[in-house]
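**Student:** Sequence and predicted structure are below.
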Amino acid sequence: MILIVTGTGTEVGKTIVTAAIAAVAAARGDRVAVLKPAQTGVADGEPGDVATVLRLVPGTTGCELARYPEPLAPATAARRAGVAPVPPRAAADAAEKLAADHDLVLVEGAGGLLVRMTDDGTLADVAALLAAPVLVVAAAGLGTLNATELTVEALRRRGLTCPGVVVGALPAEPDLAARCNLGDLSATSGVPLLGALPDGAGALDPERFGAVARHSLAPDLGGGWQTPDA
């Protein structure tokens, strides 16, 4: 299976959610691979998003196709670095190659769904080429309802499947907006809320992270989390 992981924007917790899904799948014995088509804002030799997943879920296969040092959209970062961007077809081909000998391939995008990988290609195009579902990672606080609904709407317009939304970093003491959003995200987006990872989960050791992942993801993603109104 190939699952695309996108977000409503940057810094919403896509990598930690990707790692959580990988942890739950690995715990049940699945062979898991994580693909990052384009890593931006990280210099050569520095740990990127794939390294974070491998640290939290040892034994996962990691693959990064390109890296650009400036924290920009991949197409812009590639152009400024004077190197070729990663087109959607190359990302799709890499995912299919990994899927040949893995039970689950997680493809984590950069930024949001429509951030440009090339001048005219996005992560949505990768999903379309693969006919793969797209999981949306959302922020917890004020503004997330609109951003999430817009992302899901963009997926629907393209005929792409969205299995649900996961909150990427829920504060230990959520404010009023964050608490209300847990109840409203599903109703406004039209897709299920499939979990909420606690803020700071990425700092845990692998054993503890695995336990948190199981408790923070809904059964559809292999965990035991229940929606607030369940």
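**Tutor:** Received, thanks. Residues are numbered from 1 along each chain as shown.
**Student:** so the residue most central in space within the chain bridges to which residues?
**Tutor:** With distances taken as Cα atoms, centre = their mean, the residue of the chain nearest its centroid is Val5 (3.1 Å). Assessed by DSSP bridges, Val5 has beta-bridge partners Glu108, Leu135.
**Student:** farthest residue from the center of this structure?
**Tutor:** What lies farthest from the middle of the chain is Gly82; by Cα atoms, centre = their mean that is 27.2 Å.
**Student:** Tell me the spacing between that residue and Thr40.
**Tutor:** Distance, Gly82 to Thr40, by Cβ to Cβ, to the nearest Å: 15 Å. Any C-beta I mention is one placed from the backbone N, CA and C, and that applies to glycine too.
**Student:** tell me the contacts of Leu35?
**Tutor:** Leu35 sits next to Cys63, Glu64, Leu65, Ala91, Ala94, Ala95, Leu98, Val105, Leu106, Val107, Glu108 when contact means Cβ atoms under 8 Å, 6 or more residues apart in numbering.
**Student:** Identify the residues contacting the second one.
**Tutor:** By Cβ under 8 Å, 6+ apart, Glu64 lies in contact with Leu35, Lys36, Gln39, Gly48, Asp49, Val50.
**Student:** Which member of these is positioned nearest Lys14?
**Tutor:** Proximity of the contacts of Glu64 to Lys14 (Cβ to Cβ) peaks at Asp49, which lies at 7.8 Å.
**Student:** Please report the distance of the closest residue to the closest one other than its chain neighbours from Val57.
**Tutor:** Excluding the flanking residues, the one nearest Asp49 by Cβ to Cβ, 6 or more residues apart in numbering is Thr15, at 4.4 Å. Applying Cβ to Cβ, the value for Thr15 to Val57 is 11 Å.
**Student:** which stretches of this protein form helices?
**Tutor:** Here the chain has its helices, by DSSP state H, at 14-27, 49-56, 74-81, 88-99, 123-130, 144-157, 176-189, 206-216.
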